[in-house]
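> 3D model of this:
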Amino acid sequence: MRNFDLSPLYRSAIGFDRLFNLIESGQNQGGGYPPYNVELVDENHYRIAIAVAGFAESELEITAQDNILLIKGAHINPPAERTYLYQGIAERNFERKFQLAEHIQIKSANLANGLLYIDLQRVVPESSKPRRIEII
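Just a heads-up that it's a prediction; the model follows:
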């Protein structure tokens, strides 16, 4: 993975320190379990799909707080001890965090065929939308 130096951007961007810190911290995230996709459905709708094969609906927890979406998977009853010749399917517990932009709301979540789908929508309040100013 490449590392990018974002320090030159700090000189010309004011008020974006939080954004640059998020980008830099995102480069250093380790681990890719569980794998996931982030899909742009249309201009204001997104869908996150997370591969959670082996987890029951009761073993998954989704919480949202302060623009952070947190998905946890924890086995209630750990699987019995097995002797594997090859183990390619991870059965470990996980915690995956997503930083959400402002005005992103979680609309629904459903589990189908080993994938957890989380639908998101951008809802911009009228006061934040651009408006035309008449010249008088």
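> quick check, S127 in a helix?
Yes: assessed by DSSP: H, G, I helix; E, B strand; the rest coil, S127 belongs to a helix.
> D66 versus that one, what's the distance?
Counting by C-beta to C-beta, to the nearest Å, the gap from S127 to D66 is 21 Å. The C-beta positions use only the backbone N, C-alpha and C, and glycine is treated the same way.
> go on, A51?
For A51, the distance to D66 - C-beta to C-beta - is 26 Å.
> who has more neighbours out of these two?
Applying other C-beta atoms under 10 Å to A51 and D66 shows that A51 carries more neighbours, namely 15 against 6.
> my guess is that one meets P35, correct?
Yes: look at A51 against P35 with C-beta atoms under 8 Å: they come within range, at 4.9 Å.
> domain-wise, how is the chain divided?
Following automatic domain parsing, one finds the domains of the chain at 1-30, 33-128.
> any chance of the ones you listed in a markdown table, with mean pLDDT and distance to I135 too?
Formatted as a markdown table, these follow (pLDDT from 0 to 100; distance: least, C-beta to C-beta, whole Å):
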| stretch | mean pLDDT | distance to I135 |
| --- | --- | --- |
| domain 1-30 | 54 | 28 |
| domain 33-128 | 90 | 22 |
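> most tightly surrounded among those domains?
Across these, the average number of neighbours (mean count of other C-beta atoms under 10 Å) peaks for domain 33-128, which reaches a mean of 12.
> may I have stretch 100-107 as PDB, with CA atoms only?
This file holds the C-alpha atoms of stretch 100-107, laid out as PDB (Å, rounded to 0.1, in the frame of the first residue of the first chain):
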ATOM      1  CA  LEU A 100     -20.100   8.600   7.900                       C
ATOM      2  CA  ALA A 101     -20.300  12.100   6.300                       C
ATOM      3  CA  GLU A 102     -22.700  14.700   7.700                       C
ATOM      4  CA  HIS A 103     -26.400  14.200   6.800                       C
ATOM      5  CA  ILE A 104     -26.000  10.400   6.200                       C
ATOM      6  CA  GLN A 105     -28.800   8.400   7.800                       C
ATOM      7  CA  ILE A 106     -29.100   4.700   8.100                       C
ATOM      8  CA  LYS A 107     -32.300   3.500   6.500                       C
END
